[in-house]
Structure formats: structure tokens, C-alpha cells
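Engineer: compute the structure for the input listed below.
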Amino acid sequence: MGIYLNPNNENFERITRREIYVDKTMMISVINRFMETDNTYLCVSRPRRFGKTIAGNMLSAYFSKGCDSRSLFSPYKISSDPSFESNLNKLNVIQIDMNSEYKNERDNENLLNNLQDKIVAEFARQFPEISFGEKESVGNCILKAYAEKGERFVIIMDEYDVLVRENVSQKLFSQYLDFLNGLFKSNTLRPAISLAYITGILPVIRDRIQSKLNNFREYTILDAGKLAEFIGFTGEEVKELCRKYGTDYEETKRWYDGYSQHGFEIYNPESLVLSIEEENFANYWSKTSTYAVIADRIQQNFAGMKDDVIRMLAGESVDVNVTRYMNTMTDFSTRSDAFTYLIHLGYLAYNREDKTCRIPNREVRQEWFNAIEANEDYAVTNKIIQSSKELLSETLRLNSDAVAKSLDESHINVTSNRSYNNEDALQSAIYLSYIYALNKYTVVKEMTSGKGFSDVVFIPFVPDLPAMIIELKRNDSAESAINQIREKKYFASLEHYTGNLLFVGVNYDEKTKTHECQIEQMVK
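Structural biologist: Below is the predicted model:
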């Protein structure tokens with residue numbers, strides 16, 4: 001048993017002793033199936049706080065010859081799976097946390113040499129009958145153990161991309177490429193490696209590092225494939241946690257949901273666990289990340305970027321091309337590059353079906369608000385956001401003049417002159433003006449109701465607030481919009497809000513570029 005070579009199962013055991021532990025052990029069954037094919041080199045990338053390290057510790061506890069984990073896994077789903085016995089503590093594991101190595105190394109220029117020296121020393125202790133040179137590479141140690149004793153290995157590397165994300169010297173980076181090449185690109189070594197499992201925030205870097213890792217199959221936040229349900233909590237798992245701990249599931253969903261993968265709703269585990277433990281819905285994201293990451297990207301202000309950022313702030317989705325991004329920290333050429341980077345970091349959620357991105361939930365939206373507040377280019381946007389609470393209050397007071405004035409300002413801010421008269425721009429103005437309402441309302445666009453589709457419906461999820469139906473007109477009148485709500489009975493599906501339901505008619509005049517508003521309360 002060693003620190004790097006054949007570690008014990010203590011890290012995973014400690015995780016299972018937590019009050020809140022979600023059983024993800026069936027991931028082992030999927031990995032075992034991969035190992036029966038040629039899909040044995042896996043790169044799994046996720047944002048921080050999504051459980052990458054926990055999954056790596058689980059795999060290490062399962063495969064490592066340095067421990068007996070049968071009783072540790074016996075309470076969990078994998079123990080009943082037919083594949084459970086196939087690799088249980090039968091392989092040599094080399095487990096490396098690159099982030100820890102980098103942060104704790106006093107002499108970073110010799111990081112890779114020092115790391116290999118420590119691993120080689122463990123090879124010498126665990127295989128005393130094999131002769132290892134003092135400056136042997138880890139790759140050569142694996143090859144010798146395989147050639148002389150038939151030993152096979154699992155390599156688990158956490159935060160493989162830390163030396164890409166940090167501003168390291170060219171010397172250290174070249175050493176790192178040599179290290180990766182020695183482990184993962186040798187045809188002679190490949191039969192000795194039963195599984196290579198590396199994790200990172202970013203997928204395989206597509207410029208300097210790709211040639212060293214192009215034999216890895218990637219499972220990313222863009223497409224997690226068969227691993228979708230295992231890193232992050234699924235909707236069903238969260239429902240069960242909310243039931244067990246008496247937590248409001250719908251409120252939990254609003255705060256921490258938003259990442260969809262292959263039919264699974266995925267929540268970030270750390271914020272969810274902290275929310276349950278603290279018995280409080282709050283922004284826990286900032287404890288491990290910073291809004292400066294967003295601010296740095298939106299400051300680049302690529303063509304069309306500001307309009308799209310404002311639309312996402314208002315709760316909408318925007319198109320994104322995720323195929324161009326080079327998976328680096330520096331190579332950003334378009335708004336799609338910047339958005340794709342923020343998807344990988346968890347600040348945006350990606351929809352594979354319609355190829356769009358959006359701000360996933362209330363917690364992350366607060367980080368966007370923080371970034372906007374710090375950016376002078378978004379000063380007007382921030383002013384509208386800050387004023388949106390008062391606008392909601394004025395709407396509930398039936399103050400139609402205040403609503404019209406707010407829409408004049410937000411409409412100017414959400415779009416360029418060329419698309420100013422576009423209907424989508426008017427809807428974006430509505431969403432942005434009422435952005436505070438997202439804390440109290442579910443907003444439904446083009447909701448089927450009565451004899452057609454109402455433009456925007458606000459449905460409260462807190463008590464004692466009215467529902468609101470907003471109908472938009474152009475070059476007509478606010479009264480006409482109100483009449484349409486009545487005539488087409490858009491309120492039909494909101495009957496239980498009778499007596500507590502507002503009709504909001506908005507007309508936009510393309511010539512004057514001004515808005516007219518009329519607000520009425522429905523009465524029985």
C-alpha cells in the first residue's frame with residue numbers, strides 16, 4: 001500500500017461516512033463494461049464541485065490492490081451487480097492529484113521529476129524483486145512490472161489540466177507533455193494499462209496537448225454519454241434527499257438545477273449538500289469560484305456578445321457553437337468560444353438538442369449579476385436589474401406609467417438599432433425589466449391558454465402574489481392587448497387565480513420607440 005501506488009480506500013470510506021452520501025457506485029459497472037472493449041482511456045471533464053474527485057476515489061477504492069473494499073461497497077448498488085467481482089481490488093492503481101501536487105510543490109520547475117521519483121520509490125518498495133533505476137520513469141516502471149510479473153495497472157489522474165490552466169513555464173509544460181506521452185502514448189505500455197481515467201475542468205486541450213491524449217474518449221459537460229448520471233446529482237436523487245431532509249424540492253430546483261444530460265436533470269452536489277446542511281437556500285458557488293471568470297470573458301465583448309448576455313440574464317437561451325473552442329484558457333476568438341468556456345466552468349448550461357446555452361439557476365445567476373455590476377459596459381443593464389424589484393412592486397400597484405417607462409429603457413438596452421423593432425427584442429425587454437420577478441415567479445413564454453397562446457405568463461410560487469398575463473402589441477394599443485386577453489380567454493388555465501390575477505397589456509410604437517401600458521385586475 002502506498003500514497004500513489006495502490007492506495008488504501010480511506011478517502012472513499014470517509015466520503016461514505018458523511019451524513020449526506022448519494023450512491024454512485026453503479027458507475028463502476030459502466031467502467032467495467034468499458035474495460036471489456038477498447039474504450040479504456042477516459043477523460044471526464046466537469047466544473048468544480050461536481051464530484052470528479054469523489055468518483056476518482058471510488059474507482060481507486062474498487063480497483064486498488066492496496067486494500068480490501070468488499071465490506072465498504074457491500075451496502076451499495078454495485079455489490080449486487082454481476083460485474084462487481086470482476087476487478088474488485090485486483091489491479092494496481094496509480095492515483096495522482098495533479099492540483100495537489102502543483103499547489104504543494106515548493107520547486108515547481110522540478111514538479112514532474114519529484115513526482116516521478118516518489119512514485120518510482122513506491123514501485124521499488126512494492127515490487128522488491130524487480131530492479132528499478134533511481135531515475136526510472138513511471139512508464140518504464142509499469143512496463144517492467146508487466147513484463148516480469150504480468151501486473152496490470154489503472155491510472156487515475158485528477159485535475160489533469162491544472163498545468164494548462166495555470167501560467168506555468170515552458171520548461172515545466174514541456175516536461176508535463178513528456179510525462180503524459182510516457183504514460184499514455186506508448187504502444188508497448190498499452191497492454192499493461194487496464195484503464196486510464198483522467199479528470200479536469202476542461203476537455204482535452206486541442207492545441208499543444210491533444211497529440212498526447214488523442215487516444216482518450218471524452219465525457220464532458222457538453223456530452224457525458226453513459227456517464228451522465230454519475231457525476232452530479234440527478235433529479236430523482238435530489239427528490240429523495242429533499243424528502244428525507246424535509247427540504248422544498250421546487251425551491252431546490254430553482255436554486256441548483258439546470259444542467260441536463262441525456263434525459264437526466266443534473267444538480268451541482270456541493271451547493272445542494274451545503275444547502276441541506278445549513279437549512280438555507282443561498283449562493284454557495286462563490287465559496288470555490290469567482291465571478292471574475294465571467295467578468296473577464298464578457299469584457300472581451302465579441303460581436304453579438306452583449307445582446308446575448310442580456311438575453312441570458314433575462315432568462316432566455318442563445319445559440320452557441322461549441323465545436324470551435326480549443327479548450328484552452330486563452331484562445332478566444334468569438335462569443336461562442338467564450339460561452340463554451342463558461343459552459344465547461346458551469347456558469348452556463350448547454351442544451352445538446354437545440355445547441356443553445358443559458359444561465360442554469362438562481363445561484364449561478366447571482367454570479368452573473370456580480371460580474372455585470374463590476375463591468376462598466378453593462379452599467380445600464382445593471383441599473384435595470386437593480387430597478388426590477390421596484391418595477392414589480394409598481395406593477396402590483398397597477399402603476400402602468402412606471403411599467404411603460406421601464407420598458408422604454410430596457411428595450412433600448414437589450415438590442416441593437418437594426419433589430420430594435422423585432423418582436424423577440426420586445427419580449428427580452430419584458431424579461432429584463434422583470435428579472436427580479438424570477439425570485440418569486442415562474443415565467444412561461446407563449447403559454448397555451450384559452451383559445452391561443454398568451455405572450456408571457458408569470459405564475460407565482462410564493463403565496464399572496466397575483467399571477468400576471470402579459471400581452472404584447474406593436475403599433476396598436478395597450479387596450480387592444482387587454483381585450484385580446486379577455487376575448488381569447490388566456491386566463492382559462494389560471495382559474496384558481498380568479499380575483500388575484502393581473503392583465504398587463506403592452507403596446508410598442510415603432511415610430512416613436514415608446515411603450516404604452518395598461519394594467520387591470522381580473523374580478524369575478
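Engineer: list the contacts of stretch 36-48.
Structural biologist: Applying CB atoms under 8 Å, 6 or more residues apart in numbering, the external contacts of stretch 36-48 come out as 31, 34, 52, 55, 160-161, 184, 193-204, 213, 215-221, 224, 227, 231-232, 268, 288-289, 344-346. All C-beta spots, glycine's among them, are computed from the backbone N, C-alpha and C.
Engineer: buried stuff in stretch 160-168?
Structural biologist: 160-165, 168 (16 or more other CB atoms under 10 Å).
Engineer: any chance of those residues in a markdown table, plus secondary structure?
Structural biologist: Formatted as a markdown table, the buried residues of stretch 160-168 follow (DSSP: H, G, I helix; E, B strand; the rest coil):
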| residue | secondary structure |
| --- | --- |
| Y160 | coil |
| D161 | coil |
| V162 | helix |
| L163 | helix |
| V164 | helix |
| R165 | helix |
| V168 | coil |
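Engineer: so which of those residues is the closest to D307?
Structural biologist: Taking CB to CB as the measure, D307 lies nearest R165 of the buried residues of stretch 160-168, at 29.2 Å.
Engineer: which among the buried residues of stretch 160-168 gets closest to I412?
Structural biologist: R165 (38.5 Å).
Engineer: residues in contact with that closest one?
Structural biologist: Neighbours of R165 in contact, by CB under 8 Å, 6+ apart: 201-202, 329.
Engineer: let's go with 7 Å and repeat that
Structural biologist: Going by CB atoms under 7 Å, 6 or more residues apart in numbering, R165 touches 201, 329.
Engineer: same question for the one 4 residues further on.
Structural biologist: Contact analysis of S169 by CB under 7 Å, 6+ apart lists E109.
Engineer: so where do the helices sit in the stretch 101-250 of the chain?
Structural biologist: 111-126, 138-149, 162-165, 170-184, 210-213, 235-245, 249-256 (DSSP state H, counting those that start in this stretch).
Engineer: ok, which of those helices comes nearest S79?
Structural biologist: Between those, helix 235-245 lies closest to S79; by CB to CB that is 18.6 Å.
Engineer: relative to helix 249-256, how tilted is the closest one?
Structural biologist: Helix 235-245 runs at 120 degrees relative to helix 249-256, counting by axes from the mean of the first three to the mean of the last three CA atoms, to 10 degrees.
Engineer: and helix 235-245, average pLDDT?
Structural biologist: If you average the pLDDT over helix 235-245, you get 97.
Engineer: residue ranges with poor pLDDT in the stretch 301-450 of the chain?
Structural biologist: 413-424, 448-450 (pLDDT under 70).
Engineer: which stretch of helix or strand covers E520?
Structural biologist: With secondary structure defined by DSSP states H and E, E520 is part of strand 514-521.
Engineer: counting contacts, what elements does that strand pack onto?
Structural biologist: Packing partners of strand 514-521 (3 or more CB pairs under 7 Å, 6 or more residues apart in numbering; DSSP states H and E): helix 400-414, helix 478-487, strand 501-509.
Engineer: alpha carbons only: can I get that strand in CSV?
Structural biologist: Listed next in CSV are the C-alpha coordinates belonging to strand 514-521 (Å, rounded to 0.1, in the frame of the first residue of the first chain):
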residue,chain,number,x,y,z
THR,A,514,-42.0,54.1,-26.9
HIS,A,515,-44.3,51.8,-24.9
GLU,A,516,-47.8,52.2,-23.6
CYS,A,517,-49.1,50.0,-20.8
GLN,A,518,-52.5,49.2,-19.2
ILE,A,519,-52.9,47.0,-16.2
GLU,A,520,-56.2,45.6,-14.9
GLN,A,521,-57.1,43.2,-12.1
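Engineer: list the contacts of it.
Structural biologist: Contacts of strand 514-521 (CB under 7 Å, 6+ apart): 395, 398, 400, 403-404, 407-408, 411, 477-479, 482, 502-508.
Engineer: flag every buried residue along it.
Structural biologist: 515-520.
Engineer: just the residues you listed now: which is nearest S131?
Structural biologist: For the buried residues of strand 514-521, the nearest to S131 is H515 (82.6 Å; CB to CB).
Engineer: need the helices of the stretch 101-250 of the chain in JSON lines with distance to F339, can you?
Structural biologist: What follows is those, written out as JSON lines (distance: least, CB to CB, whole Å):
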{"stretch": "helix 111-126", "distance to F339": "33"}
{"stretch": "helix 138-149", "distance to F339": "38"}
{"stretch": "helix 162-165", "distance to F339": "18"}
{"stretch": "helix 170-184", "distance to F339": "27"}
{"stretch": "helix 210-213", "distance to F339": "21"}
{"stretch": "helix 235-245", "distance to F339": "25"}
{"stretch": "helix 249-256", "distance to F339": "21"}
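Engineer: nearest to F302, of these?
Structural biologist: Per CB to CB, nearest to F302 of the helices of the stretch 101-250 of the chain: helix 162-165, 21.4 Å.
Engineer: hey, C-alpha coordinates of that closest one in CSV?
Structural biologist: Backbone C-alpha positions of helix 162-165 (Å, rounded to 0.1, in the frame of the first residue of the first chain) are rendered in CSV as follows:
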residue,chain,number,x,y,z
VAL,A,162,-4.1,22.2,-13.9
LEU,A,163,-0.8,22.9,-15.6
VAL,A,164,-2.7,24.1,-18.6
ARG,A,165,-4.9,26.4,-16.6
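Engineer: okay, and C43 sits in which element?
Structural biologist: strand 41-45.
Engineer: pull the distance from that strand to the chain's centre.
Structural biologist: Taking CA atoms, centre = their mean, to the nearest Å, one finds strand 41-45 lying 16 Å from the centre of the chain it belongs to.
Engineer: how about stretch 462-470?
Structural biologist: The answer for stretch 462-470 is 31 Å, by CA atoms, centre = their mean.
Engineer: same check, this time on stretch 213-224
Structural biologist: Distance of stretch 213-224 from its chain centroid, counting by CA atoms, centre = their mean, is 15 Å.
Engineer: give me the mean pLDDT for that stretch.
Structural biologist: 92.
Engineer: list of residues touching that stretch?
Structural biologist: Applying CB under 7 Å, 6+ apart, the external contacts of stretch 213-224 come out as 39, 41-47, 180, 184, 198, 203-204, 225, 227, 261-262, 322, 343-344, 350, 352.
Engineer: ok, 8 Å please
Structural biologist: By CB under 8 Å, 6+ apart, the surrounding residues in contact with stretch 213-224 are 39, 41-47, 180, 184-185, 196, 198, 203-205, 225-227, 231, 259, 261-262, 322, 340, 343-344, 346, 350, 352.
Engineer: what is the lengthiest helix in the chain packed up against?
Structural biologist: Secondary structure of the chain per DSSP state H: the longest helix is helix 379-396. Packing partners of helix 379-396 (3 or more CB pairs under 8 Å, 6 or more residues apart in numbering; DSSP states H and E): helix 305-313, helix 362-373, helix 400-414, helix 423-433, strand 501-509.
Engineer: wait, which of the ones you listed is closest to F491?
Structural biologist: That would be strand 501-509 among these, by CB to CB, at 6.0 Å.
Engineer: so what's the gap between the closest one and the chain middle?
Structural biologist: The answer for strand 501-509 is 36 Å, by CA atoms, centre = their mean.
Engineer: report the angle between it and helix 478-487.
Structural biologist: Using the same axes, to 10 degrees, the inter-axis angle of strand 501-509 relative to helix 478-487 is 140 degrees.
Engineer: okay, buried residues for strand 501-509 please.
Structural biologist: 501-508.
Engineer: what is the neighbour count of the closest residue to V318 other than its chain neighbours?
Structural biologist: Nearest residue to V318 in three dimensions, chain neighbours excluded: D308, at 4.2 Å (CB to CB, 6 or more residues apart in numbering). Residues lying near D308 (other CB atoms under 10 Å) number 21.
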